[in-house]
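Asks: coordinates for the following, if possible.
(one chain, ligands or ions: 2)
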Amino acid sequence: MKLSYLFIASTFLFLGCKKDAVITPYSASISDGTIIEGNSGEAKVIEFEISLDAVVFGSTPVTVQVKTEGGTAVNNEDFIPLLSWDQIPFNAGEKTKKIQIQIVEDNTKESNEEFTILLDDVSTNVKIVDGTGKGTILNDD
Ligand SMILES: [Ca+2]
Ligand SMILES: [Ca+2]
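Replies: Ligands and ions are numbered 1, 2, ... in the order given. Now for the predicted structure:
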């Protein structure tokens, strides 16, 4: 009798602790971005937006990271890449962040070009729902 009572008590204790430990993570996604290339001497950027599904509440930051991957838009020829992961913390009250990637303007006629920006989680309180943004540079020559 005593043993089974203990077992039931410890089971409730276990379930209670487990429930407390489960925190619903924030969902994070990154947008696509487009820019008209411009010509030499201009300093244009493609802007991407990282958004969470809710405003960060409390003092624990939500941290994600971004980096770029070249495509038809080539690293350092068409845009200035982020070659290693760049950490982006969201603090209390924040929900969106803008990321700017500098592009390399030219006066050469070429096709529209694309690269990719990748979003990854760092802290355990965030889950990536859309981790890929497409950056498009529209030729204007
Ligand atoms: Ca141009
Ligand atoms: Ca061009």
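
Asks: name the SS class of the residue nearest in space to the middle of the chain, please.
Replies: Central residue of the chain (CA atoms, centre = their mean): Leu119, 3.6 Å from the mean position. With DSSP: H, G, I helix; E, B strand; the rest coil as the basis, the three-state label of Leu119 is strand.

Asks: so for it, what's the pLDDT?
Replies: You'll see Leu119 listed with a pLDDT of 98.

Asks: that one and Val129 touch, don't they?
Replies: No: contact between Leu119 and Val129 fails when scored by CB atoms under 8 Å: they sit 9.5 Å apart. Bear in mind the C-beta positions are built from the backbone N, C-alpha and C, glycine included.

Asks: who touches both of those two?
Replies: Common neighbours of Leu119 and Val129, using CB atoms under 8 Å, 6 or more residues apart in numbering, are 28-29.

Asks: show me what from the protein comes close to ligand 2.
Replies: 37, 106, 108, 110, 139, 141 (CB under 5 Å from the ion).

Asks: let me see the contact set for the first one.
Replies: Residues near Glu37 by CB under 8 Å, 6+ apart: 44, 103, 105-106, 137-141.

Asks: give the next helix or strand downstream of the lowest-mean-pLDDT helix or strand in the chain.
Replies: Every helix and strand of the chain was ranked by mean pLDDT, DSSP states H and E. The lowest is helix 2-21, at a mean of 51. Toward the C-terminal end, the helix or strand that comes next after helix 2-21 (DSSP states H and E) is strand 26-30.
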